[in-house]
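>>> Provided below are the primary sequence and the corresponding predicted coordinates.
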Amino acid sequence: MKLVIIFGPQAVGKMTVGQELAKITDLKLFHNHMTIDLVGIFFDYGTKEGKRLVNLFRQEIFEEVSKSNLYGIIFTFVWAFDMQEDWNNVKRLAELFESRGGTTYYVELEASVNERLDRNKSVNRLEHKPSKRNVEWSENELKRSLEKHRLNSIDGEIIYSNYVRIDNTCLKADEVAVLIKKKFSL
């Protein structure tokens, strides 16, 4: 079982890279908005109820996938490096898969703010993430997060052996997917 965690700031291309990686491997994509947007029909993600349900759905999916005969899963999310809770969540997720014989791979994406603002309006993003269709709100949230959280790691901060950091500002998603596949022999 393989767990590929793709993380980075909003609109860096996590889902799109995950889609391309799923096409060239037997990995299944589970991007973070699959649960956020499902729960968002009933409760805003920022509410206590919304967060609880998102976490509950994710945990149940991770439990079942980690016990399954699937080749593996790609999970995408925004990791706030200044929040211990996010570090703990990543650790718990990796431990779940690894306790069942799986291997965790960490893929950090980074891109310029201008590129991310452009990607924030992409057709693919808006098609697959209903909560991002209010582009003005989404753009403002992207900018606010720059002031509120640190969404890329500091050099040397991530010490996992199966880790790669890719600046995909000038790379297409399928090119990044090929880099990841080759790096980890997926």
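Everything's here; your move. All values derive from a computational prediction rather than experimental measurement. Numbering: from 1, shown residues only.

>>> ok, longest helix in the protein?
helix 48-67 (DSSP state H).

>>> Check the offset of that one from the chain's centre.
Centre-to-centre, helix 48-67 and its host chain are 15 Å apart (Cα atoms, centre = their mean, to the nearest Å).

>>> Counting by contacts, list what that helix packs against.
Judged by 3 or more Cβ pairs under 8 Å, 6 or more residues apart in numbering; DSSP states H and E, the packing partners of helix 48-67 are strand 28-31, helix 33-40, strand 72-77, helix 84-98. Where C-beta positions appear, they are placed from N, C-alpha and C, glycine not excepted.

>>> Lowest average confidence across the ones you listed, which one?
Confidence, taken as mean pLDDT, is least for helix 33-40 of those (a mean of 90).

>>> Can you list the buried residues in it?
33-37, 39-40 (16 or more other Cβ atoms under 10 Å).

>>> I'd like to know which of those is nearest to residue 184.
residue 34 (22.7 Å; Cβ to Cβ).

>>> and the closest one, what does it touch?
If you count contacts by Cβ atoms under 8 Å, 6 or more residues apart in numbering, residue 34 has none.
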